[in-house]
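Enquirer: following is a predicted model, sequence given first.
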Amino acid sequence: MKVACIIPSRYASTRLPGKPLRLIAGETLVHRVYERAIRAKVPDTVIVATDHEDIEKEVRSFGGNVVMTSVNHPTGTDRLAEVAEKYPEYDIIVNVQGDEPLIDPDIIDNLARDLLDHPELDMATVATPLHKDEYDDPSAVKVVISRKGEALYFSRSLIPYPRHDFVEAPLKHVGIYAYRRDFLLAYAKMAQTPLERTESLEQLRALEMGYKIGVIKLNSEDIGIDTEEDLRKANEYFERNHL
């Protein structure tokens, strides 16, 4: 089975306009993410999916693979599906967020292997330990998983509710996914489901429709770039570590 890593890279951003082209220690964000993704060993290719000619030009300037997509996609999943439809030779699609310049290549490999090793799974994602100061933070999405390592539910509320002390540490969802191509194409065409609309969480659509999501547990998380402050911290990190 062949694996493609796709990086959706959208120009418009409410909090950080032109985000993919912002510089981190002398290189654009999209270049930084691409550099990390190509270090993964399992994917057969890495592709940037964008809606803006300036991003396309930037990716081509550093020798990366890039595909232009529609500007009308409401979500990154829809953009991902448009690219997947153009590449039927790839069976598994790993979606790397375009704002993760420190994404660990091993995460990409582990997600792809989760689907390669478990044919019963339709998609896979990542979870890390939830910190106490995030318990009541709706932007920190929580997830509970079965003993088989499959997602039972995602929520912006704290789950499970701690009527007694936690037996196991609660988990926070990290938004990187791997999909089987056929599932991704079907998933992108499904109507939103009630739980998805209520929580505003796309992944609930898959659970409501009876699909299986594998969850890989990690002890660390990467720095995502959403604000000027995130950009400043990333610059400091790269400069401090001479990256």
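Expert: Sure thing, it's come through. Numbering: from 1, shown residues only.
Enquirer: residue 126 in helix, strand or coil?
Expert: Secondary structure, DSSP: H, G, I helix; E, B strand; the rest coil: residue 126 is strand.
Enquirer: show me what contacts it?
Expert: 107, 111, 173-174, 176, 215-218 (CB atoms under 8 Å, 6 or more residues apart in numbering). For the C-beta atoms, the positions are set from N, CA and C on the backbone; glycine is no exception.
Enquirer: what do you get for residue 155?
Expert: Contacts of residue 155 (CB under 8 Å, 6+ apart): 141-143, 199, 201.
Enquirer: now list the buried members of these.
Expert: Neighbour-count burial (16 or more other CB atoms under 10 Å) is assigned, among these, to 141-143, 199, 201.
Enquirer: for residue 46, give me phi and psi.
Expert: Torsion angles at residue 46 (phi, psi; degrees, to the nearest 10) stand at phi -130, psi 130.
Enquirer: which SSE is the residue most central in space within the chain in?
Expert: By CA atoms, centre = their mean, the chain has its centre lying nearest to residue 176, at 2.4 Å. Residue 176 belongs to strand 171-180 when assigned by DSSP states H and E.
Enquirer: would you mark the buried spots in the following helix or strand past that strand?
Expert: Next helix or strand after strand 171-180 toward the C-terminus (DSSP H and E): helix 181-189. Buried residues in helix 181-189, counted by 16+ other CB under 10 Å: 181, 183-185, 187-188.
Enquirer: tabulate the CA atom coordinates of the next helix or strand after helix 181-189 in CSV.
Expert: Following helix 181-189 in sequence order, the next helix or strand is helix 194-199 (DSSP H and E). Written as CSV, here are the backbone C-alpha positions of helix 194-199 (Å, rounded to 0.1, in the frame of the first residue of the first chain):
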residue,chain,number,x,y,z
PRO,A,194,-25.9,16.3,15.1
LEU,A,195,-23.0,15.7,17.5
GLU,A,196,-20.5,17.3,15.1
ARG,A,197,-22.7,20.4,14.9
THR,A,198,-23.2,20.6,18.6
GLU,A,199,-19.5,20.3,19.6
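Enquirer: which strands and helices lie in contact with helix 194-199?
Expert: helix 203-208 (3 or more CB pairs under 8 Å, 6 or more residues apart in numbering; DSSP states H and E).
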